[in-house]
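K.L.:
here are the coordinates; sequence isn't available:
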RNA sequence: GGUCGAGUAGCUCAGUCGGCAGAGCACACGCCUGAAAAGCGUGGGGUCACCGGAUCGACGCCGGUCUCGACCA
């Protein structure tokens, strides 16, 4: 018997993915949840990342949570390795992976494994310095000479992407674009993906309520307990943490911080939608007010038929 | 009641000498190959508070009205 296809529940933040996943997983003893989330990998960042509760984690095995301390930098490649290992273990146990995904790039790294070009820190540092001195356009021209295909795909003002592409091209001696087609291709895969889709206005209401609840149950205390100096660049930018750090530093009032968290979370949710809706392989479930009630029947059917 | 200031995009505000109405944020849309809860781009939005006047031409000048704020009574 071949291993059952992994099933993915994806969607914007606050869509109810975790609740739906728990509802499905508690009905099937062979289900194990894999969190595909760039911030839930951090230990001690629980409230702000809406991490599954201890009770949920006791009831259903969860993977890819609490992988590193907040002081650690974390990247897609590490995530792909951790998730791939977790899913291999699940398959060995004759169990089935239920992926709960909010981070599009991380999900792609396991559904459509890509060749990650490697890193050249010295080259990178030099390029960043040059970008700061000469502006990104100069580097973009250089990239256009070395790897026209890559340069054509990025805006001359997007320093981060240009520096990375040049870092790889100079460091590896191979054009950046030779490492693969990028993310803009969606071949058939043996993964069943369901997306939870909300009307914007309804999701915005849920986001605001959820952020306020996070404050009530101790987000400020959680952030305070993390020493900002000891929080990595990647962890520090997390929604809720960045703004509360600013508040604790006296940069803004608590009200302003909360407003900023809500607004940025809403914008993030839109970015998640835009990322996911490009993927034609995703089956969408429209939800207006009851994620579990609306989505569970269809997911249940998929769990049975594609098993 | 009087004096002064303000009124321009959903919000905060620029707008030089009178010559096609601007920015930031928000919002919509797109991009994304080791930071992705990050980063980058595109553009839809206006009765310039209202009424009148002078001018070839007014957001800008003149007269009046309304609203808000500060101060004086």
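P.N.:
It's in. Being a predicted model, the structure only gives us computed values, none of them experimental. Residues are numbered from 1 along each chain as shown, chains lettered A, B, ... in the order given.

K.L.:
C-alpha only now, for contacts and for neighbours.
P.N.:
Will do.

K.L.:
Quick check: closest non-adjacent residue to residue A:175.
P.N.:
residue A:169 (4.7 Å; Cα to Cα, 6 or more residues apart in numbering).

K.L.:
Stretch A:58-73: which residues count as buried?
P.N.:
Going by neighbour count (16 or more other Cα atoms under 10 Å), the buried part of stretch A:58-73 is A:60, A:62-67, A:69-71.

K.L.:
Stretch A:182-201 too?
P.N.:
Quick answer for stretch A:182-201 (16+ other Cα under 10 Å): A:191-198.

K.L.:
near RNA strand B at all, it?
P.N.:
Yes. Stretch A:182-201 reaches RNA strand B (Cα under 7 Å from any atom of the strand) through A:182-184, A:200.

K.L.:
Looking at these, which is nearest RNA strand B?
P.N.:
Nearest to RNA strand B out of the residues of stretch A:182-201 next to RNA strand B is residue A:182 (Cα to the nearest atom of the strand; 3.0 Å).

K.L.:
just to revisit the earlier point, taking the buried residues of stretch A:58-73, tell me the two that lie furthest apart.
P.N.:
Across the buried residues of stretch A:58-73, the longest distance by Cα to Cα is 27.9 Å; it joins A:60 and A:71.

K.L.:
separation between residue A:33 and RNA strand B?
P.N.:
16 Å (Cα to the nearest atom of the strand, to the nearest Å).

K.L.:
Ok, residue A:213 next?
P.N.:
In terms of Cα to the nearest atom of the strand, residue A:213 sits 14 Å off from RNA strand B.

K.L.:
again with residue A:243
P.N.:
10 Å.

K.L.:
Report the contact partners of the residue nearest to that residue when sequence neighbours are not counted.
P.N.:
Using Cα to Cα, 6+ apart and skipping residues adjacent in sequence, the residue nearest residue A:243 is residue A:257, 5.3 Å away. Contacts for residue A:257 (Cα atoms under 8 Å, 6 or more residues apart in numbering) come out as A:243-244, A:246-247.

K.L.:
before we move on, the earlier item: mind listing which of the buried residues of stretch A:182-201 are in strands?
P.N.:
A:192-197 (DSSP state E).
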